[in-house]
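Peer 1: Whatever this is, show me its structure:
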Amino acid sequence: MGEVNSRARIPGKPHAHNSHHSVALSDWIFDVRTEAPIEFIDLTRLVNAHLAGQGVETGQVTIFSRHTTAAIKINEAEELLLEDFRQMLRRICPPDERYNHNDMSRRKPPIAPDERPNAHSHLMHLLLSTSEHIPVMGGQLALGTWQRVFLVELDGPRQREVMVRCASYHPHERAEPVVLRPRNGSAAAVAQNGARAK
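Peer 2: Numbering: from 1, shown residues only. All right, here's what the predicted structure looks like:
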């Protein structure tokens, strides 16, 4: 598995909404050093630990890859299945195919100094997703029994950045309902007078 390093934690402020709770937003960016050309790195425990550290009990989390050749995906962490995923991606987008993107003589600047012929990695990413949006319940990701959240490296080894945005829901204390009482006479008399006035 790749090496994971926390880089920045940015706390947020509560924002009021027309509901019976407020939402506190917080962003966290961390680095992952990947080790293989195609690699599935399980982020589930790391994100759950972050939720616990932030005291997030209920809310939603968006996990976002800041790259076009590294995806975020939910699936099962069974090792043979992960190898099937890797084989499928290689089969659909073989690295030794001739791709326009890999022809540096035709590419227009800017071209990164460390640019590699990686069109196959971009094509694989097009089949996957850049982010996953997951509910939080009971202080952890509300995943199914076999679900895990992966950073999917498609062009490694690389240094990657993953962003986690937490929306934590905080209920307001409900005030007692306001009961209006008429000053003169009973409520029935006021209602009757109001009906006559119409």
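
Peer 1: Quick one: the strands in this structure, in order.
Peer 2: In the chain, strands defined by DSSP state E lie at 3-10, 14-16, 21-33, 39-42, 59-65, 70-75, 131-137, 140-141, 148-153, 159-171, listed in chain order.

Peer 1: out of those strands, nearest to residue 125?
Peer 2: Using Cβ to Cβ as the measure, strand 70-75 is the one of those that comes nearest residue 125, at 5.4 Å. C-beta here means a position set from N, CA and C on the backbone, and glycine is covered the same way.

Peer 1: Let's see that closest one as PDB, backbone CA atoms only.
Peer 2: Extracted C-alpha coordinates of strand 70-75, given in PDB (Å, rounded to 0.1, in the frame of the first residue of the first chain):
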ATOM      1  CA  ALA A  70      -6.000   8.900 -10.100                       C
ATOM      2  CA  ALA A  71      -9.600   8.100  -9.200                       C
ATOM      3  CA  ILE A  72     -11.800   7.600  -6.100                       C
ATOM      4  CA  LYS A  73     -14.000   4.500  -6.200                       C
ATOM      5  CA  ILE A  74     -16.100   2.400  -3.800                       C
ATOM      6  CA  ASN A  75     -15.800  -1.400  -4.100                       C
END
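
Peer 1: Mind listing residues that contact that strand?
Peer 2: Identification of contacts with strand 70-75 by Cβ atoms under 8 Å, 6 or more residues apart in numbering yields 34, 43, 63-65, 81, 85, 124-125, 128-132, 134, 143, 147-155, 158, 160, 162.

Peer 1: Need the buried ones from those residues selected in PyMOL.
Peer 2: Listed next is the PyMOL selection for buried residues among those, using 16 or more other Cβ atoms under 10 Å:
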select buried, resi 34+43+63+64+65+85+124+125+128+131+132+134+143+148+149+150+151+152+153+154+155+158+160+162
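
Peer 1: residues near residue 90, how many?
Peer 2: 14 (other Cβ atoms under 10 Å).

Peer 1: Excluding sequence neighbours, find me the nearest residue to it.
Peer 2: Closest residue to residue 90 apart from its sequence neighbours, by Cβ to Cβ, 6 or more residues apart in numbering: residue 38 at 7.0 Å.

Peer 1: how close does that neighbour get to residue 166?
Peer 2: Taking Cβ to Cβ, to the nearest Å as the measure, residue 38 falls 29 Å from residue 166.

Peer 1: cool, residue 35 as well?
Peer 2: Residue 35 sits 28 Å away from residue 166 when distances are taken as Cβ to Cβ.

Peer 1: Among those two, which residue is more densely surrounded?
Peer 2: When residue 35 and residue 166 are compared for neighbours, residue 166 comes out ahead with 21 against 13, by other Cβ under 10 Å.
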